[in-house]
Every structure is written in C-alpha cells, then in structure tokens.
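> sequence first, then the predicted structure:
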2 protein chains.
Amino acid sequence: MEQKNNLVDGAENKARPRRLGKNGDGTERHEVIYRSISDAIIEQQLRPGARLREDALTEVFNISRTGIRKILQRLALEQLVTLTPRRGASVTRPTASEARDVFAARQMVECGLMPEVARRITEQDVSELREMAKREREALKTGEQSTAIKLSAAFHERLAQLSGNATLAAFVGQLCSRSSLILAVYGSAGHLGCESHDHDDLIDYLAEGDGEKARTFMNHHLKEIEASLSIIEEEAVAPDLHQIFGMNS
Amino acid sequence: MEQKNNLVDGAENKARPRRLGKNGDGTERHEVIYRSISDAIIEQQLRPGARLREDALTEVFNISRTGIRKILQRLALEQLVTLTPRRGASVTRPTASEARDVFAARQMVECGLMPEVARRITEQDVSELREMAKREREALKTGEQSTAIKLSAAFHERLAQLSGNATLAAFVGQLCSRSSLILAVYGSAGHLGCESHDHDDLIDYLAEGDGEKARTFMNHHLKEIEASLSIIEEEAVAPDLHQIFGMNS
DNA sequence: TCAACCATCATTGTATACGCATTGTAGGAT
DNA sequence: ATCCTACAATGCGTATACAATGATGGTTGA
C-alpha cells in the first residue's frame, strides 16, 4: 500500500488547492479509481481479508470519503469487497459454498453461451481472442502471475460478450472477478487458473463454428480449474464462535 | 406510497429533535426503504420513466440525501433505476435488446436450475410453493394486478433459491425484477405475466422429482410470457442523438 | 501480579453546506 | 412576431463537519 501512497502523492502534490473541478471529469475519475481497486483485487495485489480503510483510500486517490464510499459500495454489491457495519471494508474472502456456487454458475452460463458464440463469432473476433490468449501465455511464461490472472478473467468475459447478451456477459464478468478471489483463497501456489493452451484450443473450436465441441471443452476446462482447487472450509478469520459452540446468541 | 409515508412519520415523530438515533436501526431502516422503492417499482406503482427526485424521497422517507443516494445507487446497479449524470434518477425503461437479453438469460438459468431443484425439493418446500401459487391466483382473481406481479416474481425467485445456489438465485431475482419492468413497457394491458395455473403444474412436476419435465415446462412457460410481449424498439425517451446523427462529440 | 474498569483513539455512519450544471422563462432586439 | 440571450430557479455532485461506536491501552484496586 505504501508504494501507491507515495506514487500518488508524488503525482498529486502539484497544486490542487481544494475542491477540484466538480463534475468535469468526476464520473471518469470515479471509474478510474474503481478500476484501480478492482484490478488490484483481481490481480491479487490485494489479498482476501485485506482491510480497505476509507481514510487511506482517501489520501491515496486524493478524493473525498464520499466518493470512496460510493466506489466501495459498488464493489460490495459485486461481492469483491465485504462491508461490515462498523468495521469498514475488506477484500471479500469467499466461503467454500460461495466458491462452489460461483463455479456451478460459470459452468451453466459459460457453457450454455458457447453455441451462440460459435454462431456469431467473426474473423475479427477470432484474431482478437488469439491476441488475448497470446498475451496471457506470455504473461504466464515470464512469471507475471498477477497479469496472467487478470488476462484470463478478461478472456472469459470477452468470450461471453461475443454472445451478444449484455446481461449474461456482465454476469460472467462478475463471476470471473470472484473466481480470482477464489483462486487466491483455495488455489495451490504453483498452479493458477487456466492451462496455457486451453484457451487456444477453445478458439479453434469456435473458429470452426462447432458450438457443441466448444461447450463440452469449456465444461472440461472449468471442471479442471475447479478440481485444481482445494475448496475446504478453512475457518481462519472470524472463527464463527456461535457455530462452534452451539449456544445460540 | 402515502401509507408508507405516514407509517414512517408516525414512528419517527415521537421526539427526535434532529439527527435521529444514528445507527441503532440505520441499516435496517435503509433496507426497509430500499424494499419500499423496489416493491413500488416491481408492482408497477412507479412506471418506467418515472422520475425519482432525491429531495422528494428525502422528505417522504424522512432520511437525508446521503441515505437516499446510497439506496438509489444500489437500485441503479440492479438496473431498476437509471442514474443520468446531471438529471437524477428515474425508473429504468428497458430497451428492446435488454428485454430480449433478460428473457434469454432467464431461459438459460431458470431452466438449467430445474433438475437440481427437483432433486433437492422437500415436502415443506412444495407446500410453501403451493401456498405462494395460491396467493398469486387469488390476487389475479380479485384484480390486484400489482400484487400478482410481485408474487409471480417472488415465486420464480423462491424456486431458484431451492437450487441451493445462492449466486444464481440472486441473479434470477434480479432478472425477475427487471422482467416486471419489461412487462410494464412491452406487455399488453390485459395480459400479465404468468398464466394462473402454470405455476401449479410446475410444482406438480417438481414434486414428482421429474426435473426434465420441469425444465421443458419452464421453457414453454417463459417462451409464452415472452411471446405475449411486443418487444419493439420504441424510441420515446432519450433518443440517443449521438447514435442517430453519426457526428461524434 | 493479575484482572477489571475507564478513558482515549481510531474509524465509520449520517447530515448538511456549498458550488455548478442544466433547464425554463422572460425580456429585448431585429 | 419571432428569435436570441440572459437570468433565475431547480436539483445534483462533492466535500466536510459532527456524532457514535468499537477497540486498545493504561491505571487502579484487590
């Protein structure tokens, strides 16, 4: 967190008397900050359980608490951060059942989308996807784990967007973001999400227009990812005393 | 809406000079207000396009603008209200493509959930669902259209919850809420969402544990609803000038 | 020496004040 | 008479101030 603080302070110290330009870029500024935090979570620079104090974010991004709270609420609704009533915000630590739910949902939606994607995909889309897969492979090779995770999620989301159904695509995007958190909690160290060649194979099937093959491949793909995790209820934080000692509160 | 206003006023008028009791019930109060607005939208007491001025809501619910804005943001993320940058909040008017997306999503998710629901459903669940269906039929019979719409959405959401997948259930809940808006915009006057006996038939299949029959029935059920709509792009509000006249800004 | 209680601190929840943008209206000029 | 311009009002965006609560550490009494 410190390096960000320094970085931003250095960039922002150059005269900003007070009350910057209102709305002119306000919305975009919020969007940028939202993406910064969101990316940091997805890239696992902010691990699950990390506290996000409003004051700290305020001075890091040079914005008022009002704006930060707005952003944190959005992140909370997307289940990337957890807002506990008097304790502030922290990066969500998905429970085991949440993890299973997320992967079951991805199974249903992403697989179900493949036929439509195969039907609608264009040459241009194919080359774009290949480019994304290539960048992801490179990131994996050079050991940029954070980048690889983000690119993998982006690949799956882009795939869903090609179905033309914006609602389902947005839902898949959320599921992919949450998957990054799940990988951070339940994944083994060396092995991260998608195998490097899997995405390329999937693109081949889609380019051939074989929706059914793509669907079954996506099914195996997601099953493999989930199988590589050890989704066990590890009560590390907040040991749920009420649950352990049966005495109801 | 008036009775709600009186209710809240009546509860709060009892001596609270200013700055009411802070958090004691703050979160719950927000939840109550959120449900009030959400229900009013789902029941179509607030039609698509209706403006939701922050000041008005402030005095109706006797809460500060901060709280209202928080609630409006949540509703916006759930796509029930639209927040235009300087113009405030209004009830979302779904576009035709959004309507198609929502029903395609419901088709995929709700149908896909049926087998699991059939597997997990208990006697108690069955009787609860029958009770809900009965209340819905009664509301339809007595002409309480608003109530019937809300109960129908609640039925579909409860059904999804029985799958045990909280993530997908929440998603279905959002889709059902948005469906109410879609019915309001694209539905014909006399004919509202679900046929009265459809839900009862569906419960029968689930009680028998026949997930496949339930799935195909849900498929037909949703197809019928969508077919009863006239989803045509009627550009009434906000004609997207940039899109019409190609000149970029 | 240990435990319990009190005080202070840290951090969030809520409300309000201030400024700007947009819109509607009125007045004047052509 | 019509059109353009300027001003006023309405309403939202942002920041900040204040209140409350949970936490932590210190002090005192047994």
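Here it is on my side, so go on. Quick caveat: nothing in here was measured; it's all calculated off a predicted structure.
> and the closest residue to A:Ile33 other than its chain neighbours, how many neighbours does it have?
Among residues not flanking A:Ile33 along the chain, A:Phe61 sits closest, at 5.0 Å (Cβ to Cβ, 6 or more residues apart in numbering or on different chains). Yep, even glycine has a C-beta here, placed from its N, CA and C like the rest. If you count neighbours by other Cβ atoms under 10 Å in any protein chain shown, A:Phe61 ends up with 20.
> in chain A, where is pLDDT below threshold?
A:1-26, A:189-196, A:234-249 (pLDDT under 70).
> run the chain-centre distance for stretch A:215-226.
19 Å (Cα atoms, centre = their mean, to the nearest Å).
> right, and the residue nearest to A:Ile33 touches A:Asp55 too?
No. Checked against Cβ atoms under 8 Å, the pair A:Phe61 and A:Asp55 is beyond contact range at 11.5 Å.
> pull out the buried residues from the helix or strand where A:Asp39 lies.
Assigned by DSSP states H and E, A:Asp39 falls within helix A:26-42. Using 16 or more other Cβ atoms under 10 Å in any protein chain shown as the test for burial, helix A:26-42 gives A:29-30, A:33-34, A:36-38, A:40-42.
> the inter-axis angle of the biggest helix by length in chain A versus helix B:96-120?
Identified as the longest helix of chain A according to DSSP state H is helix A:96-120. Angle of helix A:96-120 versus helix B:96-120, following axes from the mean of the first three to the mean of the last three Cα atoms, to 10 degrees, is 130 degrees.
> pull the CA atoms of the following helix or strand past helix A:96-120 into PDB?
Sequence-wise, the next helix or strand downstream of helix A:96-120 (DSSP H and E) is helix A:123-141. Presented in PDB, the C-alpha positions along helix A:123-141 are these (Å, rounded to 0.1, in the frame of the first residue of the first chain):
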ATOM      1  CA  GLU A 123     -12.800 -13.400 -38.100                       C
ATOM      2  CA  GLN A 124     -12.000 -10.200 -36.300                       C
ATOM      3  CA  ASP A 125     -13.200 -11.600 -33.000                       C
ATOM      4  CA  VAL A 126     -11.100 -14.700 -33.600                       C
ATOM      5  CA  SER A 127      -7.900 -12.800 -34.100                       C
ATOM      6  CA  GLU A 128      -8.700 -10.600 -31.100                       C
ATOM      7  CA  LEU A 129      -9.200 -13.600 -28.900                       C
ATOM      8  CA  ARG A 130      -6.000 -15.200 -30.200                       C
ATOM      9  CA  GLU A 131      -4.100 -12.000 -29.400                       C
ATOM     10  CA  MET A 132      -5.500 -12.100 -25.800                       C
ATOM     11  CA  ALA A 133      -4.600 -15.700 -25.400                       C
ATOM     12  CA  LYS A 134      -1.100 -15.000 -26.700                       C
ATOM     13  CA  ARG A 135      -0.600 -12.200 -24.200                       C
ATOM     14  CA  GLU A 136      -1.900 -14.400 -21.500                       C
ATOM     15  CA  ARG A 137       0.600 -17.200 -22.400                       C
ATOM     16  CA  GLU A 138       3.400 -14.700 -22.400                       C
ATOM     17  CA  ALA A 139       2.500 -13.400 -19.000                       C
ATOM     18  CA  LEU A 140       2.400 -17.000 -17.700                       C
ATOM     19  CA  LYS A 141       5.800 -17.700 -19.300                       C
END
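> buried ones in helix A:123-141?
Buried-residue list, helix A:123-141, by 16+ other Cβ under 10 Å: A:125, A:129, A:132-133, A:136-137, A:139-140.
> can I get the helix or strand following it in PDB? Just the C-alpha atoms.
Next helix or strand after helix A:123-141 toward the C-terminus (DSSP H and E): helix A:145-161. Listed next in PDB are the C-alpha coordinates belonging to helix A:145-161 (Å, rounded to 0.1, in the frame of the first residue of the first chain):
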ATOM      1  CA  GLN A 145       1.100 -14.200 -12.300                       C
ATOM      2  CA  SER A 146      -1.000 -11.200 -11.500                       C
ATOM      3  CA  THR A 147      -1.200 -10.200 -15.100                       C
ATOM      4  CA  ALA A 148      -2.000 -13.700 -16.200                       C
ATOM      5  CA  ILE A 149      -4.900 -14.000 -13.800                       C
ATOM      6  CA  LYS A 150      -6.400 -10.700 -14.900                       C
ATOM      7  CA  LEU A 151      -6.000 -11.600 -18.600                       C
ATOM      8  CA  SER A 152      -7.600 -15.000 -18.100                       C
ATOM      9  CA  ALA A 153     -10.600 -13.400 -16.500                       C
ATOM     10  CA  ALA A 154     -10.700 -10.800 -19.300                       C
ATOM     11  CA  PHE A 155     -10.600 -13.600 -21.900                       C
ATOM     12  CA  HIS A 156     -13.600 -15.400 -20.400                       C
ATOM     13  CA  GLU A 157     -15.500 -12.200 -20.100                       C
ATOM     14  CA  ARG A 158     -14.800 -11.200 -23.600                       C
ATOM     15  CA  LEU A 159     -15.900 -14.600 -24.800                       C
ATOM     16  CA  ALA A 160     -19.300 -14.100 -23.000                       C
ATOM     17  CA  GLN A 161     -19.600 -10.600 -24.600                       C
END
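> which elements pack onto helix A:145-161?
The helices and strands touching helix A:145-161, judged by 3 or more Cβ pairs under 8 Å, 6 or more residues apart in numbering or on different chains; DSSP states H and E, are helix A:26-42, helix A:96-120, helix A:123-141, helix A:166-186, helix A:198-208.
> go with 10 Å
In terms of contacts (3 or more Cβ pairs under 10 Å, 6 or more residues apart in numbering or on different chains; DSSP states H and E), helix A:145-161 is packed against helix A:26-42, helix A:96-120, helix A:123-141, helix A:166-186, helix A:198-208, helix A:211-227.
> that's all I had, so thanks and see you.
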